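J.: pasted the sequence and its predicted model underneath.
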Amino acid sequence: MRIAIEQLNMTYPTGKQALRDVDLTLESPNLIGLLGPNGAGKSTLMKLLVAGLLPSSGTISVDGTPLQACEKALKARLGYLPQSFGLYEELTVWQFLDYMAALKGIRDSRAAIDRAMEAANLVEKRKARIRTLSGGQRQRVGIAQALLGEPEFLILDEPTVGLDPEERIHFRNFFSRTAQDKIVLLSTHIIEDVQSVCNQLIVIDRGRILFTGTPEALIASAQGHVGVFLESEESRADSHLQITSRVNTARGVACRGVAAELPPFAEPVEPSLEDAYLYWITGEGELQ
Ligand SMILES: Nc1ncnc2c1ncn2[C@@H]1O[C@H](COP(=O)(O)OP(=O)(O)OP(=O)(O)O)[C@@H](O)[C@H]1O
């Protein structure tokens, strides 16, 4: 499967431009992390990909066919976890998934529901009413419905919200296994969610794609732009330096920062993935 996005723009009726000139190619198999701060445009991009919104301009094509012409066929190949997810409070987990399977037109729904419940760690909750579930359990129900029918393209908008650390690790590994023959696109603003599992990262901010590439390439892009230093009057006055961490120590305040050009008082260090992400979203990285 190959999704090609060309010159995509999205302006909401309020006049807010949520996406600007987005060009991207998503190909299977891939686990792709869509990283960006609040309001960056992640959910908007995902809604456009599932044809839940119409772009203001630009095109999305699926295996060479424009999305509008293959919307129905694509929906059968797609699993989507939206950010806010309405659940039917009085239904049990099993009833809800049965309903979603019917909406998706899945034939062998019983087996499909069993597989999705197992993957989402929900087997014990199959008879529980949705209103009795915790936030994390509800999120797992959302993930389970996205997995129904083993879609080729999984779009997950902040799938780890509300999950405890153990569950986050479980899903991270699960998404990684799932992506072996599919496209899994997951949005997050948590670096640990994409670290060591995503083979492609897309950094987005204020509607623009700032970076696409492997995590290694993202780290390499910040090489020479990350430094450590002790806070001083000079460092406080440096408006180009973006401080990314401050720790009080016996010697003073130890800082870590990113800059397009490191000042002489900063000692260059190896960037982490988080440094590199901050380097791009603080506006210090150069647009590709
Ligand atoms: N229906 C809408 N009408 C008007 N503006 C909107 C609408 N939905 C989103 N926006 C605006 O578009 C921009 C992008 O929003 P979007 O929800 O895509 O960001 P996001 O990266 O998913 O953020 P978050 O991580 O907070 O969910 C934001 O400025 C948001 O306020």
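T.: Ah, there it is.

J.: contacting residues for the residue at minimal distance from the centre of the chain?
T.: Note on the chain: the residue nearest the mean C-alpha position is Ser187, at 1.2 Å, using C-alpha atoms, centre = their mean. Neighbour list for Ser187: Gly33, Leu34, Leu35, Gly36, Lys42, Ser43, Met46, Leu156, Asp157, Glu158 [criterion: C-beta atoms under 8 Å, 6 or more residues apart in numbering]. For every residue, glycine as well, the C-beta is placed using N, CA and C.

J.: now, the residues you listed that are in helices?
T.: Counting by DSSP state H, those place Lys42, Ser43, Met46 in helices.

J.: any quick PyMOL command for the buried ones out of those residues?
T.: In PyMOL, a selection of the buried entries from the ones in helices among the contacts of Ser187 looks like this (16 or more other C-beta atoms under 10 Å):
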select buried, resi 42+43+46
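
J.: restrict the ones in helices among the contacts of Ser187 to those near the ligand?
T.: Contacts with the ligand are made by Lys42, Ser43 out of the ones in helices among the contacts of Ser187, judged by C-beta under 6 Å from any ligand atom.

J.: pick the one among the contacts of Ser187 closest to Ser221.
T.: Nearest to Ser221 among the contacts of Ser187 is Leu35, at 13.3 Å by C-beta to C-beta.

J.: partners of the closest one in the sheet?
T.: Thr188, Val203 (DSSP bridges).

J.: if I pick it, what's in contact with it?
T.: Applying C-beta under 8 Å, 6+ apart to Leu35 gives the contacts Ser187, Thr188, His189, Ile191, Val194, Leu201, Ile202, Val203, Ile204, Tyr277.

J.: turn those into JSON lines, including pLDDT.
T.: JSON lines is the format used below for those (pLDDT from 0 to 100):
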{"residue": "Ser187", "pLDDT": "94"}
{"residue": "Thr188", "pLDDT": "89"}
{"residue": "His189", "pLDDT": "83"}
{"residue": "Ile191", "pLDDT": "88"}
{"residue": "Val194", "pLDDT": "88"}
{"residue": "Leu201", "pLDDT": "96"}
{"residue": "Ile202", "pLDDT": "97"}
{"residue": "Val203", "pLDDT": "96"}
{"residue": "Ile204", "pLDDT": "96"}
{"residue": "Tyr277", "pLDDT": "94"}
